[in-house]
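**Q** sequence and predicted model, in that order:
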Amino acid sequence: MKIFENQKLKKFARAARPWGFVIGLILLLKVTGIGSSISLATQGVLMKAGAMDAEPATFISREEAFNYNFIVKDLDGKELAMSALKGKVIFLNLWATWCGPCRVEMPSIQNLYNSVDKDKIAFVILSLDQEAQQAKIAQFISSKEFTFPVYQPASPLPKQLRVNTIPTTFIISPDGKVKTRKIGMANYDTDAMRVFLRELSGV
């Protein structure tokens, strides 16, 4: 009986050995953080390949009125009432420095920002980092040489913007309607997105 049990244990051990290697590798990637780097690298490749291009027609949401009743502040502490942007197209991106997908999509947002009429289209890149992280946000933006306007909340955000997933991007029309709500990472550096924003702004 003992011989039979020992044989079963040896057989089980041989069968489980490859799985032990896989589980160990997964744990190693998780503990060292290498897994996150691989994931971000993969996302970056997909972005450059065009697999994640933002096509506005594919994520047009049910139109709803945008709630302008909140205030943001730039990285110098200057406050801006969102109601001051009524009449403009607003590209509102919710992100955080600790969010890998947010960081991956930001160069595409910068390229989009560089190519539009800023008198008609306002960018609000709204960090959801803790208020005390202002210096960290500024250092990150400076290190990447981003020039789009970056803000933090200066008042409670409306329920509409209390999202469960970041990045999330809203595009609001001049008449105050939410035209799109894109949940998750996307490449915004596309001709389709530029045309969409121009048409919304009436250019």
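**A** Ah, there it is. Residues are numbered from 1 along each chain as shown.
**Q** next SSE downstream of the helix or strand bottoming out on mean pLDDT in the chain?
**A** The weakest-scoring helix or strand in the chain, judged by mean pLDDT, DSSP states H and E, is helix 34-49 (a mean of 50). Next in sequence after helix 34-49, counting helices and strands by DSSP states H and E, comes strand 71-74.
**Q** what residues does that following strand touch?
**A** With CB atoms under 8 Å, 6 or more residues apart in numbering as the test, strand 71-74 has contacts from 79-82, 124, 126, 149-155. No exception for glycine: its C-beta is placed from N, CA and C like everyone else's.
**Q** return the list of strands paired to that strand, each annotated with direction.
**A** Its sheet considered, strand 71-74 pairs with strand 79-81 (antiparallel), strand 150-153 (antiparallel) by DSSP bridges.
**Q** and of those, who's closest to Ser108?
**A** Smallest distance to Ser108 across the strands paired with strand 71-74 (CB to CB): 15.7 Å, for strand 150-153.
**Q** which residues are in contact with the closest one?
**A** If you take CB under 8 Å, 6+ apart as the criterion, strand 150-153 is touched by 70-75, 80, 124-129, 131, 134, 137-138, 141.
**Q** any low-confidence regions in this protein?
**A** For the chain, the stretches with pLDDT under 70 are 1-55, 57-62, 203.
**Q** quick one: the helices in it, in order.
**A** 2-32, 34-49, 100-114, 134-143, 191-201 (DSSP state H).
**Q** circling back: I'd like to know which of the contacts of strand 150-153 are buried.
**A** The neighbour-count test (16 or more other CB atoms under 10 Å) marks 70-73, 75, 80, 124-129, 134, 137, 141 as buried among those.
**Q** tell me which of those is nearest to Ile166?
**A** The closest of these to Ile166 turns out to be Leu128 (CB to CB; 6.4 Å).
**Q** tell me, how many residues neighbour Arg103?
**A** By other CB atoms under 10 Å, 19 other residues sit near Arg103.
**Q** now it: how far from Pro149?
**A** Distance, Arg103 to Pro149, using CB to CB, to the nearest Å: 17 Å.
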